[in-house]
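Q: Return atomic coordinates for the entry below.
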Amino acid sequence: MNTVDDRVGGGPVNAAIANEVVRLVADFTGRGATKSRAFIDHDVVVCLLEDGATKTERNLVAVGRDDLVRAQRDAVQRAMEDQLVAAVERLTGRAVRNFLSGTSTLGDSSVEVFVLEPGASAAT
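A: Prediction:
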């Protein structure tokens, strides 16, 4: 039986996760990150999205309102949680136990973290 750890060797699952998260964010917000990468380490999937700020977000940061950017991004990420979790579950073949999300103070980078339920290989 293949586990996530077995399938990650060449990185195709990592790339698929990064691409799918960017696509979902772009479909939801109208703009996606221009750089992204995902990593899987045992039961943790991390997806880093960079250069994803909208013009509005950049302008808000420029006038010192990065708090609004973080609040809006948090609301969007929570609204997208079910879609993001479903994509990671489909691509890894594992259930997601927890979803965590965060945005940098400047609003141009964000991270999506998925904690997976322990897989069959976790017991060995």
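Q: from here on, contacts and neighbour counts on C-alpha atoms
A: Fine.
Q: what about residue 86, is that helix, strand or coil?
A: On the three-state scheme (DSSP: H, G, I helix; E, B strand; the rest coil), residue 86 is labelled helix.
Q: How much space separates it from residue 70?
A: According to CA to CA, to the nearest Å, residue 86 and residue 70 sit 24 Å apart.
Q: Those two: which has the busier surroundings?
A: Legend: neighbour count by other CA atoms under 10 Å for residue 86 and residue 70, higher for residue 70 (20 against 12).
Q: Excluding chain neighbours, what is closest to the more buried one?
A: In space, and not counting its chain neighbours, residue 70 is closest to residue 103: 6.1 Å by CA to CA, 6 or more residues apart in numbering.
Q: same thing with residue 113?
A: Spatially, and ignoring its direct neighbours in sequence, residue 113 is nearest to residue 46 (4.6 Å; CA to CA, 6+ apart).
Q: hmm, back to that, ok, now which ones touch the residue nearest to residue 70?
A: Going by CA atoms under 8 Å, 6 or more residues apart in numbering, residue 103 touches 70, 73, 74, 109, 110, 111.
Q: Residue 84 too?
A: Neighbour list for residue 84: 21, 24 [criterion: CA under 8 Å, 6+ apart].
Q: Can you give me the pLDDT of it?
A: For residue 84, the pLDDT comes out at 97.
Q: Next, find the distance separating it from residue 68.
A: In this view, residue 84 and residue 68 are 23 Å apart by CA to CA.
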